[in-house]
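1. have a look at this prediction, sequence included:
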Amino acid sequence: AKSLGKNRYELYSEELTTDARYHLEVEQDLRQALKSNQFVLHYQPQFNLEDEQLCGYEALVRWQHPELGLLGPDKFIPVAEETQLIVPLGWQIIDSVCRRVERWLRDGIDVPMVAINISPQQLLQADFIQRLNGLVDQYGLPRHLLELEITESMILKDPDFVIQQLQRLRLSGYHLALDDFGTGYSSLDRIKYLPLHRIKIDKSFTRDIGRNPKDEAVIISAIALGRSLGVEVLAEGVETEAQCDFLRRHECNSAQGYLFGKPVPPEVVSQCAFKKLG
Ligand code: C2E
Ligand code: CA
Ligand code: CA
Ligand code: CA
């Protein structure tokens, strides 16, 4: 990896390309990073719009790169997925969330729920649920404290198996959320078979509230869909009071975004929680 020298900055600042060399180099870096625990999680709060209470956190991975500093997931998740390194990375992420939640609980910090992003390859592993249960039990955590976020594209890979996995996960006690709702080729027909607790409306729709009536129409129908399926609806990427007012007016259940708080390191979450208590 040393041979990369100065090119590394360019490597990671370039748009992701299909360039084989790029992928090979990032892959080597990722392997090293997994061995030396360079991945960290930041937590972003989620708020219930009805009672204004904190209702959860989403865990978002970052790479503390020794030379390049903190890298966002868009810089490495695509390569991790192509190289299957997302599987070991995914386990490090789940382990890290469990360890953190266990500690928060031990410190008397109220943890409503923590959401974890799950990659398709991970969910498709035959032993995924068994291993997940083992890990969560090992930390002694109630399963309903964890929400697993999956995407629509994941369902397309192997619909029958994915639906089966989701049903097993739900029976095991986890919460399930459909992430990035509206961005895939949603099969509304299929969604009714998914044992979901929540739908997360993608931030590309929230962004255009007040600017594009078509985006507003999508949000309104997602909220209606959620209501008729008995599933909660969360809007992502809420940045302004105006967006929040719109969502409240249309009885969206919950929201996440910079208006409420950016993703922060776990130490900051603990401090905020203590501030509220004191
Ligand atoms: P996502 O799951 O849709 O995560 C939400 C993204 O929106 C996060 O970006 C978050 O920082 C950003 N965000 C939150 N509030 C706002 C806002 O008000 N405005 C705007 N413009 N953005 C906001 P991030 O952390 O860069 O993550 C990007 C994507 O990487 C995630 O999208 C998710 O697909 C993936 N990812 C993140 N963490 C993990 C992980 O642990 N495992 C896997 N497999 N994928 C992850
Ligand atoms: Ca997510
Ligand atoms: Ca999302
Ligand atoms: Ca739009």
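-> Yep, that arrived. Numbering: from 1, shown residues only. Ligands and ions are numbered 1, 2, ... in the order given.

2. how about the residues of the stretch 151-278 of the chain near ligand 2?
-> Within reach of ligand 2 by CB under 5 Å from the ion, the stretch 151-278 of the chain has these residues: residue 179. Glycine gets a C-beta too; all of them are placed from N, C-alpha and C.

3. interface residues of the stretch 151-278 of the chain facing ligand 4?
-> Proximity of the stretch 151-278 of the chain to ligand 4, by CB under 5 Å from the ion, involves residues 208, 215.

4. where does the stretch 151-278 of the chain dip in pLDDT?
-> Residue ranges of the stretch 151-278 of the chain with pLDDT under 70: 185-187, 274-278.

5. report the contact partners of the residue nearest to residue 138 when sequence neighbours are not counted.
-> Distances taken as CB to CB, 6 or more residues apart in numbering place residue 98 nearest to residue 138, at 7.8 Å, with adjacent residues excluded. Residue 98 sits next to 135-136, 138-139, 141, 146 when contact means CB atoms under 8 Å, 6 or more residues apart in numbering.

6. SS state for residue 98?
-> helix (DSSP: H, G, I helix; E, B strand; the rest coil).

7. which residues are contacting whichever strand or helix holds residue 199?
-> Following DSSP states H and E, the helix or strand that holds residue 199 is strand 198-201. For strand 198-201, contacts defined as CB under 8 Å, 6+ apart pick out 147, 149, 175-182, 218-219, 222, 225-226, 231-236, 252, 256.

8. buried only: go through the residues you listed for me.
-> 147, 149, 175-182, 218-219, 222, 225-226, 231-236, 252, 256 (16 or more other CB atoms under 10 Å).

9. interface residues of the stretch 101-250 of the chain facing ligand 1?
-> 117, 119, 179-180, 203, 236-239 (CB under 6 Å from any ligand atom).

10. export stretch 240-260 as CSV, just CAs?
-> C-alpha atoms of stretch 240-260 as CSV (Å, rounded to 0.1, in the frame of the first residue of the first chain):
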residue,chain,number,x,y,z
THR,A,240,-35.5,23.2,7.8
GLU,A,241,-38.5,24.1,10.0
ALA,A,242,-40.6,24.5,6.8
GLN,A,243,-39.9,20.9,5.9
CYS,A,244,-40.7,19.8,9.4
ASP,A,245,-44.0,21.7,9.5
PHE,A,246,-45.0,20.1,6.2
LEU,A,247,-44.3,16.6,7.6
ARG,A,248,-46.1,17.4,10.9
ARG,A,249,-49.1,18.7,9.0
HIS,A,250,-49.3,15.5,7.0
GLU,A,251,-48.9,13.4,10.1
CYS,A,252,-45.6,11.8,9.3
ASN,A,253,-44.6,9.9,12.5
SER,A,254,-40.9,10.7,12.8
ALA,A,255,-38.0,12.6,11.3
GLN,A,256,-34.2,12.6,11.1
GLY,A,257,-31.9,15.3,9.7
TYR,A,258,-29.6,18.1,10.4
LEU,A,259,-32.5,20.2,11.9
PHE,A,260,-32.5,17.8,14.8
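
11. other residues contacting it?
-> Residues from elsewhere that reach stretch 240-260, judged by CB under 8 Å, 6+ apart: 44-50, 55-56, 58, 200-201, 203, 206, 209-210, 216, 219-220, 223, 226-227, 232-239.

12. right, and the helix or strand after the helix or strand where residue 247 lies?
-> Residue 247 is part of helix 241-249, with elements assigned from DSSP H and E. Moving toward the C-terminus from helix 241-249, the first helix or strand encountered (DSSP H and E) is strand 254-256.

13. shouldn't residue 40 be within a strand?
-> Yes. Per three-state DSSP, residue 40 lies within a strand segment.

14. residue 64 is in contact with that one, correct?
-> Yes. Taking CB atoms under 8 Å as the definition, residue 40 is a contact partner of residue 64 at 5.3 Å.

15. strands of the protein, residue ranges please.
-> Using DSSP state E, the strands of the chain run over residues 39-48, 54-65, 69-71, 114-117, 146-151, 175-181, 198-201, 232-235, 254-256.
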